[in-house]
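**Q** model the following, please.
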Amino acid sequence: MREIENFTDDRLNAWCIHCGTTIADVRSNRDHVPTKSFLTKALRELGAEYDRGVGDDWGYLPQVSICQSCNSSFSPDENYLLCVLHAVMAGSLYPDPAKHPEAATILRSNRHVVRDLKQKPDGQLSLFDDLLPFTLYPDMDKIRGVIVKNARGHAYHEIGEPLLEAPDHVAFVPLERLSPEQREAFESAGTDADLAVWPEVGSRMTLNLLDGKAMVGGWIMVEPGRYRYAIDWSGSVTVKTVIWEYLASETRWDR
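**A** Numbers count the residues shown, from 1 in each chain. Below is the predicted model:
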């Protein structure tokens, strides 16, 4: 992605969007939204080069400043969701390294997560490792936390709106489980930009709208096949995401 400078009111950048702590009073750092581990190694390396000031202009990965405490607290659940995604996509908690090298490496390195997934009473127990179709019963609260964290970051990054309160609606489901009508509604953009309430003056989205490079509810591609998101602020603030063209989510804050 190409970086667009944020010109929103500095007063909107004064606190951590997750806990409300004044950023100036605590240690803070940059949080990537989406979580970098959801992206390919090649793109992560491009992003790291850009952050060091030596990369291409298009190597920028979306990021926001939050307090260090919040940033650290999200890591375990982000890692948990990464393991779940790899297991589901590979169809096993012990994937063949030859067929699924990335999944095999991640899951071998996180045996505590694998044990947790196997030990759930309704989980994929040892006796049924070869059960078809492969089924997992992950901790939905952990997944929800990552979805909300990224959604809050997307809204802050694109429209300059800190959403400190809890969302009014959070839903996530595999894309394949949506009916054709639900999929069409999910994929479609919202209100036409010229009819919508404009976002915060100076926000990245405002600049994109002025340049004709965005529309309300239009998809922003971080990496094809890996991660995309969309934001509709014309009524409620609604953030949609798709991870690995598998897991779809919708998070909404009512005004």
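**Q** every contact and neighbour count from this point should use C-alpha atoms.
**A** Will do.
**Q** any stretches of the stretch 101-250 of the chain with poor pLDDT?
**A** Scanning the stretch 101-250 of the chain for pLDDT under 70 picks out the ranges 120-133, 190-204, 206-216.
**Q** now with 90?
**A** Along the stretch 101-250 of the chain, segments meeting pLDDT under 90 span 117-137, 159-162, 188-218, 233-235.
**Q** can you map out the strands along it?
**A** Along the stretch 101-250 of the chain, counting by DSSP state E, counting those that start in this stretch, strands occupy 169-174, 219-223, 227-232, 237-243, 247-253.
**Q** would TSV of those with distance to Glu45 be doable?
**A** Putting the strands of the stretch 101-250 of the chain into TSV (distance: least, C-alpha to C-alpha, whole Å) gives the following:
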stretch	distance to Glu45
strand 169-174	28
strand 219-223	13
strand 227-232	16
strand 237-243	19
strand 247-253	24
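**Q** OK, contacts around Ser73?
**A** Residues counted as contacts of Ser73 (C-alpha atoms under 8 Å, 6 or more residues apart in numbering): none.
**Q** nearest spatial neighbour of Leu43, skipping sequence neighbours?
**A** Leaving aside its sequence neighbours, Leu43 sits nearest to Gly59 (C-alpha to C-alpha, 6 or more residues apart in numbering; 7.5 Å).
**Q** so what's the residue count around that neighbour?
**A** When counting by other C-alpha atoms under 10 Å, one arrives at 20 neighbours for Gly59.
**Q** count the neighbours of Ala87 for me.
**A** The number of residues packed near Ala87 is 23, by other C-alpha under 10 Å.
**Q** and it, which helix or strand is it part of?
**A** helix 68-90 (DSSP states H and E).
**Q** averaged pLDDT, that helix. What do you get?
**A** Across helix 68-90, pLDDT averages out at 95.
**Q** and that helix with strand 247-253, angle?
**A** 150 degrees (axes from the mean of the first three to the mean of the last three C-alpha atoms, to 10 degrees).
**Q** tell me the angle helix 68-90 makes with strand 237-243.
**A** Using the same axes, to 10 degrees: helix 68-90 against strand 237-243 is 50 degrees.
**Q** wait, doesn't the residue nearest to Leu43 sit right on Arg52?
**A** No. If you go by C-alpha atoms under 8 Å, Gly59 and Arg52 don't touch, sitting 10.9 Å apart.
**Q** report the buried residues of stretch 46-66.
**A** Using 16 or more other C-alpha atoms under 10 Å as the test for burial, stretch 46-66 gives 46-47, 50, 59-66.
**Q** give me the contacts around it.
**A** Defining contact as C-alpha under 8 Å, 6+ apart, one finds that stretch 46-66 is touched by 1-3, 15-18, 23, 28-34, 43, 153, 156-157, 222.
**Q** what would the buried residues of stretch 46-66 look like in CSV with secondary structure?
**A** Converted to CSV, these look like this (DSSP: H, G, I helix; E, B strand; the rest coil):
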residue, secondary structure
Leu46, helix
Gly47, helix
Tyr50, helix
Gly59, helix
Tyr60, coil
Leu61, coil
Pro62, coil
Gln63, strand
Val64, strand
Ser65, strand
Ile66, strand
